[in-house]
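A.B. asks: Could you work out the structure for the sequence below:
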Amino acid sequence: MRRDNLASLGFALLLVVGPDVDVSATAAECTVTSLQTRAPKGTTVTAAVPVQPNDGAPAHCEVDGTVATAGNNVTFRLGLPSLWNDKFLFEGVGGFGGTAASLRPGMDRGYAAASTDTGHRGGATDAAWAANSPAKKVDYAHRGTHVAVVAAKALTEAYYGRASRHAYFDGCSNGGRQALMEAQRYPEDFDGIVAGDPSFGALGNLRRTLIYQTLLSSGEHVLPAGKVTLLSRAVLESCDAADGLKDGLITDPRACAFRPETLLCTGEDRPDCLTAGQVESVHAIYGSVPGPAGRMLPGFPQGHEEGRTGWPQWITGSTEPVRRADGQLTFEGNAPLGFRFMDGYLRHLAFPDDNPEFDWRTFSFERHGTRLSPFLEDVSPTGTDLSALRHRGGKLLLYHGWADPALSAFSTVSYYEEVVEHAGGQKNSDQFVALFMVPGMHHCQGNGPGPNTFDALGTLDGWVERGVAPVRIVASHIASGVIDRTRPLCRYPYVARYVGSGSIDAADNFQCEAPASRGATRPLAGASQERAPGR
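C.D. replies: Coordinates of the predicted model:
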């Protein structure tokens, strides 16, 4: 780490006055010329503009740049705040990438913050950029994030005159996939990584394909919004009390054994029952199926299916599908997000470019599995050997909403358990990886009925700084701008249990205990000491 006199003075001030130090006197100026002379090879600084405080945004130097890769260019943006906390943060992006994430959340907390478009421009559900462009596919898969991180970290050091004290990654959904790719392929990039509701790339989209092959197979299989509400409320009524407390939340869906057949219509279709085809569709969403290379592709957990950010947004659609001239059902216009991602992935990413376009309805692992391109492995972060991250002292904090309708929470639980096994057991894995499951939360802190507002980054930062693994994070649920419930999120496999007195809407009245299926119920050691505030 380079330290000239100015940098040494700045570090000394940091220790005395706190994390945010005025670094207006920097080593490099906020100009293209000044920063370009310090940029790493292959990096081009295209803009550097001083930005004054505005609408709550801190004063900062905004830097745009590109990094040349083999056959492509990756764009990134970097924000360098005047009041710097001596740390670097990289923000992941959702969907199929195509634009950098907002840097405000990081800069507002004093981080030098950066993000990337992952090597192409486009909307979150647009995958057309991938056609006939292997380089863009690889950059989206993992390379683009890494090269942008390297460039942004180097420019941060050049601007402030010293390297960041710690470097973090924070991402959800595709950003969670980026996070796991960093942990698996580029463990030297970050000291701490947050992977929220992570996508496992090809696997999730292939699972969606099988769902839509059933859901859109006939009019009888379609699940209109009213039927989703019917199902969701029946599941809640059946499973709410399975955790010992009837509170409107299903704490762990694995304890739920609701059978959709109990809603089967005894005669003609009615609003208060499910047709045989609709029951079949529900099973297609809940059930696990074998996938490529013997991997199981899990379905979605039971519970909290209804709501604006629930199944209607992601799986079943907020409007019913239409029938094409050939008689096939499909979504048009306001298609659910899961359908758009599935269609875009199979149409533009899954197969080699020399294969003809095909209909997702005809896909099967038996017929098409061998034609899947190597991109399936490039884009799917399934590696469970995180020893390189562990040995360098890096930390990985995973979280997933149990009610996520976009990406199955079962996938993240399975991945975490495989990481634990590969590390030699819980005692070893607790040193560098932690998972927090969130009851009733929809995708990426979506507005389900569960607590969905919590500070994963602050928790990770504290873990890296203090070296004490987090065991409990306090999360909030906000309705109409008011916090109406707080709950502890417990380090997996522990779950929050009501202590028997006090408000069921206050986190202080819950403790983290081992689930009954994993042994005697007991509090999680340290749970009362290590709490991160909700945000």
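A.B. asks: only C-alpha atoms for contact and neighbour calcs from this point on.
C.D. replies: Noted.
A.B. asks: Return the distance of residue 415 relative to residue 503.
C.D. replies: Distance, residue 415 to residue 503, by Cα to Cα, to the nearest Å: 35 Å.
A.B. asks: Looking at those two, which has the bigger crowd around it?
C.D. replies: Shown here are residue 415 and residue 503; by other Cα atoms under 10 Å, residue 415 has more neighbours (17 against 12).
A.B. asks: now the helix or strand hosting the more buried one: how far from the chain's centre is it?
C.D. replies: Residue 415 belongs to helix 409-423 when assigned by DSSP states H and E. How far helix 409-423 lies from its chain's middle: 15 Å, per Cα atoms, centre = their mean, to the nearest Å.
A.B. asks: right, and the helix or strand after that helix?
C.D. replies: Under the assignment DSSP H and E, the closest C-terminal helix or strand after helix 409-423 is helix 426-429.
A.B. asks: Where does the prediction get shaky in the chain?
C.D. replies: In the predicted model, the chain carries pLDDT under 70 at residues 1-26, 354-358, 517-535.
A.B. asks: centroid residue for it?
C.D. replies: Taking Cα atoms, centre = their mean, the centroid of the chain lies closest to residue 172, which sits 2.3 Å from it.
A.B. asks: picking that back up, by contact count, what packs against the helix holding residue 415?
C.D. replies: strand 395-401, helix 426-429 (3 or more Cα pairs under 8 Å, 6 or more residues apart in numbering; DSSP states H and E).
A.B. asks: again, only this time at 7 Å
C.D. replies: The helices and strands touching helix 409-423, judged by 3 or more Cα pairs under 7 Å, 6 or more residues apart in numbering; DSSP states H and E, are helix 426-429.
A.B. asks: what's near enough to touch residue 277?
C.D. replies: By Cα atoms under 7 Å, 6 or more residues apart in numbering, residue 277 lies in contact with 220, 221.
A.B. asks: I'd like to know how far it sits from residue 269.
C.D. replies: Using Cα to Cα, residue 277 is found at 11 Å from residue 269.
A.B. asks: Quick check: phi and psi on the closest residue to residue 175 other than its chain neighbours?
C.D. replies: Excluding its sequence neighbours, the residue lying closest to residue 175 (Cα to Cα, 6 or more residues apart in numbering) is residue 92, at 4.1 Å. With angles defined as degrees, to the nearest 10, residue 92 sits at phi -80, psi 170.
A.B. asks: residues near residue 92, how many?
C.D. replies: Using other Cα under 10 Å, residue 92 has 28 neighbouring residues.
A.B. asks: Please shift the residue numbers so they start at 34 in all later answers.
C.D. replies: Noted, 34 is the first residue going forward, which turns the last one into residue 125.
A.B. asks: Hmm, residue 150 and it touching each other?
C.D. replies: No. If you go by Cα atoms under 7 Å, residue 125 and residue 150 don't touch, sitting 9.3 Å apart.
A.B. asks: what sits in contact with each of these two?
C.D. replies: If you check residue 125 and residue 150 against Cα under 7 Å, 6+ apart, no residue is contacted by both.
A.B. asks: Report the contact partners of the residue nearest to residue 208.
C.D. replies: By Cα under 7 Å, 6+ apart, the neighbours of residue 125 are 134, 148, 203, 204, 205, 208, 211.
A.B. asks: try it again with 8 Å
C.D. replies: When contacts are counted by Cα atoms under 8 Å, 6 or more residues apart in numbering, residue 125 touches 134, 148, 149, 202, 203, 204, 205, 207, 208, 209, 211, 212.
A.B. asks: Which of the residues in whichever helix in the chain runs longest are classified as buried?
C.D. replies: Taking DSSP state H as the criterion, the chain has its longest helix at helix 177-193. Buried positions in helix 177-193, judged by neighbour count with 16 or more other Cα atoms under 10 Å: 177-182, 184-193.
A.B. asks: Looking at the residues you listed, which is nearest residue 63?
C.D. replies: The nearest member of the buried residues of helix 177-193 to residue 63, counting by Cα to Cα, is residue 192 at 7.7 Å.
A.B. asks: I'd say that closest one and residue 61 touch.
C.D. replies: Yes. In this structure, residue 192 is within contact of residue 61 by Cα atoms under 8 Å, at 4.5 Å.
A.B. asks: what is in contact with the two at once?
C.D. replies: With Cα under 8 Å, 6+ apart as the test, residue 192 and residue 61 both reach residue 68.
A.B. asks: Other residues contacting the longest helix of the chain?
C.D. replies: Against helix 177-193 from outside (Cα under 8 Å, 6+ apart): 40, 56, 59-63, 68, 71-73, 76, 99-100, 102, 107-109, 111, 113, 121, 123, 145, 147-149, 151-152, 171-172, 196-197, 211, 215, 219, 222.
A.B. asks: Mind checking which of those residues land in helices?
C.D. replies: Per DSSP H, those map to helices at 40, 68, 171, 211, 215.
A.B. asks: Make JSON lines out of the contacts of residue 125 and add distance to residue 516.
C.D. replies: Output for the contacts of residue 125, formatted as JSON lines (distance: Cα to Cα, whole Å):
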{"residue": "134", "distance to residue 516": "27"}
{"residue": "148", "distance to residue 516": "31"}
{"residue": "149", "distance to residue 516": "33"}
{"residue": "202", "distance to residue 516": "28"}
{"residue": "203", "distance to residue 516": "24"}
{"residue": "204", "distance to residue 516": "24"}
{"residue": "205", "distance to residue 516": "23"}
{"residue": "207", "distance to residue 516": "28"}
{"residue": "208", "distance to residue 516": "27"}
{"residue": "209", "distance to residue 516": "27"}
{"residue": "211", "distance to residue 516": "31"}
{"residue": "212", "distance to residue 516": "30"}
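A.B. asks: Name the member of those with the most neighbours.
C.D. replies: Among these, residue 211 has the most neighbours (other Cα under 10 Å), with 36 neighbours.
A.B. asks: who's in contact with that one?
C.D. replies: 125, 174, 175, 178, 204.
A.B. asks: please redo it, this time with the cut-off set to 7 Å
C.D. replies: 125, 175.
A.B. asks: buried ones in stretch 240-260?
C.D. replies: Buried residues in stretch 240-260 (16+ other Cα under 10 Å): 240-250, 252-258, 260.
A.B. asks: do stretch 100-118 as well
C.D. replies: Buried positions in stretch 100-118, judged by neighbour count with 16+ other Cα under 10 Å: 100-102, 105-118.
A.B. asks: Make sure I have this right: residue 511 is in a strand.
C.D. replies: Yes. Counting by DSSP: H, G, I helix; E, B strand; the rest coil, residue 511 falls inside a strand.
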